[in-house]
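1. Okay, here's the prediction I keep looking at, along with the sequence it came from:
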Amino acid sequence: MAGPAVVEVRRSDRRRRMVSARREGDTVIVFIPGWMSESEERHWVDEMVRRLERSEARRRSPARTGNDALQRRAMELARRYLDGEAEPTTVRWVAPMRTRWASCTPADGTIRVSERLRDAPGWVVDYVLVHELAHLLAPGHDDYFWSLVGRYPRTERAMGYLEGLSAAAGLGLVGIDGEEPPTEYPVIDDVEGAAAGG
């Protein structure tokens, strides 16, 4: 998060002991019991903002820092889920695309990921990378391609996240690279570990 958080404190007499916090846009809302003193309030506001920022930082992708980190993350995912067979020449962040979250050019091994995903959870960026890496092995969206993508355990969850993000932002993006995903993921006999994700 850039700069100090805008904090709103909400007291409740019904709240006995628990203190909690959540982010609403640019504001951190801290919920505290009504009986707390001002000094306890200050302590807990500082503590809960710190905890929330730490939690948000953990959810962010390590690939978010730059193109080199994004490339390293892609190579790690290729080893983990695609037996190291997908070897991109470059993986980089690009300006937001109008109709896609990411794209791949199998002919030259390049993968481009939209800057719109920089603030998405790391597991969503990982899914997008696995999706594009799979195109290096299967350029189309056939059963073999989806069996490769299905090796990533959070495939369905990430696709749901991206659909929600697209709807909330009014982007109208379909799938990752303009194609509708299947309703279930095929298991191809020669591909071990293909699964429907989790």
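-> Looks like it came in fine.
2. what's the single longest helix in this structure?
-> helix 38-59 (DSSP state H).
3. Give the other helices and strands that it contacts.
-> When contacts are defined as 3 or more CB pairs under 8 Å, 6 or more residues apart in numbering; DSSP states H and E, helix 38-59 packs onto strand 6-12, strand 20-24, strand 27-33. Yep, even glycine has a C-beta here, placed from its N, CA and C like the rest.
4. Direction-wise, compare it with strand 20-24 and give the angle.
-> 60 degrees (axes from the mean of the first three to the mean of the last three CA atoms, to 10 degrees).
5. pLDDT of helix 38-59, averaged?
-> Throughout helix 38-59, pLDDT has a mean value of 80.
6. Endpoints of stretch 25-43, how far apart?
-> Using CA to CA, to the nearest Å, the end-to-end distance of stretch 25-43 comes to 23 Å.
7. Let me see the ranges of the helices in the protein.
-> According to DSSP H, the helices that the chain contains are 38-59, 67-81, 122-137, 143-149, 155-169.
8. Next, the angle from the longest helix of the chain to helix 122-137.
-> Going by the same axes, to 10 degrees, helix 38-59 makes 10 degrees with helix 122-137.
9. Tell me which residues are up against helix 38-59.
-> 1, 5, 7, 9, 19-23, 28, 30, 32, 36, 121-122 (CB atoms under 8 Å, 6 or more residues apart in numbering).
10. Could you rerun that using 10 Å?
-> 1, 4-5, 7-9, 11, 19-23, 28-33, 36-37, 119-124 (CB atoms under 10 Å, 6 or more residues apart in numbering).
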